[in-house]
Structures are given as C-alpha cells and as structure tokens.
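[1] what shape does this take:
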Amino acid sequence: MQPVLRTVQAQRQAGFTYVGLLILVAVLSLMSSSALRLGMTMQRHQDEQELLERGQTLVQALASYMRATPAGQYRYPKNMEDLLRDPRYPKNVVRHLRTIAVDPMTGKAEWGLLLTADKKGIAGFYSLSEAKPWRKSFTPPFGEFEDKPRYKDWVFTIDLLDE
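    Have a look, this model is predicted:
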C-alpha cells in the first residue's frame, strides 16, 4: 500500500510545483509589462523633447534666412531646401540649416509647413503626427503648446525666438 501512497504524494507535489510555476510566470509577466510600459513612457518623453529641440532649430534657421535677406528681396524661404542652400547667394554657399532633421514623432524627414499670408513662403513648421501629446506643461518659449490636442498643433514659428 505504500507505493500507491507515494504516487499520490508525488502527484500532489508535482501539482504544487505546477501551481508555483504558473504564479512565477504570472509575476514575471506583470513585471515585464510594467517595465515595457515605463520604457515606452520614457521613449515618448524623449521624443517630445527632441521634437521641441528640432522645431527650435528649424525656427533658428528660418530667422537666420530672414536676417540674411538682401534689401528688397522676399524675406521667407520658398521651401525647406532654401534653408539648406540659400539660392539668393549663387556664388557663395550660404547654409542656414545643415540637414532637414527627422521628425521624432513620425520618423520621417518631413515637416508640415505653415505658409505666409501670401502663400509664397514658409513662416513656420510643425510635426505631421496626429498622436496625442503626453506632455501637458511647458516652459517658455513653448508655453503656447499647452492644451494642444495633437503634435501637429505644436507650430514652431519665429515668435518662439522672441520670448
């Protein structure tokens, strides 16, 4: 009769081991999911910060272009390539921007362009991302970005340099 008792006892121990293993897997899954969520949050925060920095760089290039405008000529670039190589100076290479930066929200080197009132030049830039921002509070010069529902609504204009 003892061999049967040992078999039942061995089965019970195997059952407890199985339950313990299931609990361990559940705990590891929860920890992994929390770590992944934290990583995604940190990445989004970093991408938002990069968007602000790159937007400000584009605005600085726009300001440089405007300051370098010869008397009597149009002050705004017609396209982003004009910031890479200013066409108003054919003999001397004048660059206001080294490269068109990648939009960290879309992963592409494409930006939305805010056109001037006459639709002939660029007055500002914005991300093409429709995603909802996580960041809610801003310090100058980005105070106007508060409560904007999408990254696309964060418009970088020359006014950011005035603050």
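
[2] go through the chain and flag its longest helix.
    Taking DSSP state H as the criterion, the chain has its longest helix at helix 2-67.

[3] return the distance of that one from the chain's centre.
    Helix 2-67 sits 21 Å away from the centroid of its parent chain (Cα atoms, centre = their mean, to the nearest Å).

[4] show me what it is packed against.
    helix 81-84, strand 122-126, strand 155-157, helix 159-162 (3 or more Cβ pairs under 8 Å, 6 or more residues apart in numbering; DSSP states H and E). In this view, the C-beta of every residue, glycine as well, is placed from N, C-alpha and C.

[5] pLDDT score assigned to V8?
    V8 is assigned 62 on the pLDDT scale.

[6] what's the answer for Q11, then?
    Model confidence at Q11, expressed as pLDDT, equals 61.

[7] and V4, by the same measure?
    Looking at V4, the pLDDT reads 51.

[8] repeat for F142
    pLDDT for F142: 92.

[9] which ones are touching it?
    52, 154, 160 (Cβ atoms under 8 Å, 6 or more residues apart in numbering).

[10] kindly give a single ChimeraX line that selects the buried subset of these.
    To isolate in ChimeraX the members of the contacts of F142 that are buried, counting by 16 or more other Cβ atoms under 10 Å, one can use:
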select :52,154,160
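
[11] picking that back up, out of the helices and strands packed on helix 2-67, which is closest to G20?
    Ranking the helices and strands packed on helix 2-67 by their distance to G20 (criterion: Cβ to Cβ) puts strand 122-126 first, at 54.0 Å.

[12] quick one, the closest one and helix 2-67 angle?
    170 degrees (axes from the mean of the first three to the mean of the last three Cα atoms, to 10 degrees).

[13] partners of strand 122-126, with directions?
    Strand 122-126 pairs in its sheet with strand 112-115 (antiparallel), strand 155-157 (antiparallel), by DSSP bridges.

[14] let's have those strands in a markdown table, adding distance to S32, mean neighbour count and mean pLDDT.
    Conversion of those to a markdown table gives the following (distance: least, Cβ to Cβ, whole Å; neighbours: other Cβ atoms under 10 Å; pLDDT from 0 to 100):
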| stretch | distance to S32 | mean neighbour count | mean pLDDT |
| --- | --- | --- | --- |
| strand 112-115 | 37 | 14 | 97 |
| strand 155-157 | 37 | 21 | 96 |
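
[15] for stretch 65-79, which positions count as buried?
    65, 76-77.

[16] any chance of the contacts of F142 in CSV, with pLDDT too?
    Shown next, in CSV, are the contacts of F142 (pLDDT from 0 to 100):
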residue, pLDDT
L52, 96
W154, 97
L160, 77
